[in-house]
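Enquirer: Next one to model:
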Amino acid sequence: MEYTNSHCKKYAGTFLLTILSLCVVGAQDTVRKSPAFRKPAPPKAPAKIESVAVPEDFASVMNRMVEAKPAIQQRQFELLQLRYDLSDQPATESVMARKKPGQDGVRVRLTDGQSWEGLAEMKPTEIRESGLFPVGFLPLPHPNHPEGGMLFPKFHIDEIKKQEARDLTRFDLDYDLPDHFLPEFPPAIYLTTRADLGDVSQGKLVTMDNFHELFKDALNPKQLEGLRLLVAPFMQQQFNQTDDRRSVRPSRGVACFDCHANGHTNASTHLAGDVRPQEFRHRLDTPSLRGVNIQRLFGSQRALKSVEDFTEFEQRAAYFDGDPVLATKKGVNILERGSQVHFMAEFQALLDFPPAPKLTVLGRLNPKLASEAELRGETLFFGKAKCATCHTARTTRTT
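Expert: The predicted model follows:
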């Protein structure tokens, strides 16, 4: 067959288009097979974001702890009975500012067959090796030591509920010590700046409801603001709005004066935050703030050198068991050092000791006024017990 020029021209274009088409198809196939052209995988479900909430819901936490409560309370009661005589034996000569009597007699129990006179004749090494050291002098554990946390006497809980409708009841624990061993309630308040006023609390527990009425004429505006912050409730480890709280309802928290009632104490308990593991932590009974203006160390960590340090870091640390992550989760109240902390500290520095008419200006007992028992105690305090080595006798009020 002979091909003319017209044939060649006719079919050359068709042939060329065919070759080009095959090249394009081959190239597309090569691209599709390359890793860069792989079909995208179907979208995965978004990764689950971890919640800041505890893995156990509140109802489960509460039911579990309420069920365990009777056994925990019974165990603590038996421990107290083993260590101490907790009967009510009011003293006839020793009374508090509002005349509540102290407790009389030695309350630490000895092992059967032992006497205090017998122990006094033994050397310390003999007592230790014989296992005769009175267990009542060992650190007393928290009512539930593995759990810990702030725990308030019922009389304080009842008064706060009455005044502020704020409930400091824990569903997992009750306070363990009898009321007759606790400070009188509410404590009296004496101010270094206004000794002429006597007890400025007027027999009332100072709270957000009444602080302004009670102190507006006795404090300057800065001190009054400091007191307001001391009675203002803020979030705390056991009293907050999270699922692992220890109050039935979400709580507004606790105030500084919920433990340091009226600037003194109601013997609320907690665990010191400076030691781990948990079993080595000591039970802390709230100390008084009276005389804080002459104090030099604040807290067992020895890291707090001023009442300002104590005021600021108490809420950052002790309120949340020393855990800054928990503090953030539960709503830590960050106090501003230059104004709020300073104002709070200024009021605390005004808290004075009650009148002590039996003490001289040198902090020693007046032998004409003191009882024989008190004089024996003073001899022990400054002598064999060496209490005065740390607890220097000082007083600012003698009338």
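Enquirer: tell me which element residue 113 falls in.
Expert: Assessed by DSSP states H and E, residue 113 sits outside every helix and strand.
Enquirer: separation between it and residue 132?
Expert: Separation of residue 113 from residue 132 (CB to CB, to the nearest Å) stands at 10 Å. Backbone N, C-alpha and C define where each C-beta goes, glycine included.
Enquirer: residue boundaries of the helices in the stretch 251-399 of the chain?
Expert: 256-259, 307-316, 324-330, 342-348, 372-382 (DSSP state H, counting those that start in this stretch).
Enquirer: Most tightly packed of the ones you listed?
Expert: Most buried of the helices of the stretch 251-399 of the chain, by mean neighbour count (mean count of other CB atoms under 10 Å): helix 256-259, with a mean of 24.
Enquirer: Rounded mean pLDDT for that helix, please.
Expert: The average pLDDT for helix 256-259 rounds to 97.
Enquirer: how distant is it from the center of its chain?
Expert: 10 Å (CA atoms, centre = their mean, to the nearest Å).
Enquirer: residues in contact with that helix?
Expert: With contact meaning CB atoms under 8 Å, 6 or more residues apart in numbering, helix 256-259 is reached by 150, 152, 156, 160, 168, 206-207, 229-231, 233, 263, 265-266, 268, 270, 286, 311, 314, 344.
Enquirer: what does stretch 235-243 give?
Expert: By CB under 8 Å, 6+ apart, stretch 235-243 touches 53-54, 56-58, 61, 149-150, 168, 170, 245-247, 250-254, 319-321, 326, 329-333.
Enquirer: Convert that stretch to PDB, retaining C-alpha atoms only.
Expert: This file holds the C-alpha atoms of stretch 235-243, laid out as PDB (Å, rounded to 0.1, in the frame of the first residue of the first chain):
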ATOM      1  CA  MET A 235     -11.200  27.700  98.700                       C
ATOM      2  CA  GLN A 236      -9.400  25.000 100.600                       C
ATOM      3  CA  GLN A 237      -8.400  21.300 100.000                       C
ATOM      4  CA  GLN A 238     -11.500  19.800 101.700                       C
ATOM      5  CA  PHE A 239     -13.800  22.700 101.300                       C
ATOM      6  CA  ASN A 240     -14.300  23.800  97.700                       C
ATOM      7  CA  GLN A 241     -16.400  23.000  94.600                       C
ATOM      8  CA  THR A 242     -14.700  19.900  93.100                       C
ATOM      9  CA  ASP A 243     -15.700  16.300  93.200                       C
END
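Enquirer: For it, buried residues please.
Expert: 235-240, 242-243 (16 or more other CB atoms under 10 Å).
Enquirer: ok, of those, which one's closest to residue 370?
Expert: Residue 370 lies nearest to residue 236 out of the buried residues of stretch 235-243, by CB to CB, at 42.0 Å.
Enquirer: Just the pLDDT for the closest one.
Expert: Here the pLDDT value assigned to residue 236 is 95.
Enquirer: That one and residue 70, how far apart?
Expert: Counting by CB to CB - residue 236 and residue 70 are separated by 25 Å.
Enquirer: on that earlier part again, indicate which one of the helices of the stretch 251-399 of the chain is closest to residue 82.
Expert: Among those, the nearest to residue 82 by CB to CB is helix 372-382 (26.1 Å).
Enquirer: Check which helix or strand residue 91 maps to.
Expert: Using DSSP H and E, residue 91 falls in strand 90-95.
Enquirer: returning to what we had before: and the buried residues of stretch 235-243 as a markdown table, adding distance to residue 292 and secondary structure?
Expert: Formatted as a markdown table, those follow (distance: CB to CB, whole Å; DSSP: H, G, I helix; E, B strand; the rest coil):
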| residue | distance to residue 292 | secondary structure |
| --- | --- | --- |
| 235 | 25 | coil |
| 236 | 21 | coil |
| 237 | 24 | coil |
| 238 | 25 | coil |
| 239 | 25 | coil |
| 240 | 28 | coil |
| 242 | 32 | coil |
| 243 | 37 | coil |
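Enquirer: Among those residues, which one sits closest to residue 88?
Expert: For the buried residues of stretch 235-243, the nearest to residue 88 is residue 238 (29.7 Å; CB to CB).
Enquirer: neighbours around residue 215, how many?
Expert: Neighbours of residue 215 under the rule other CB atoms under 10 Å: 19.
Enquirer: Pull the contacting residues for it.
Expert: 200, 206, 223-224, 227.
Enquirer: repeat for residue 253
Expert: 233-236, 239-240, 331.
Enquirer: now do residue 216
Expert: residue 224.
Enquirer: pLDDT at it, what is it?
Expert: For residue 216, pLDDT reads 96.
Enquirer: Also residue 272?
Expert: In this model, residue 272 carries a pLDDT of 89.
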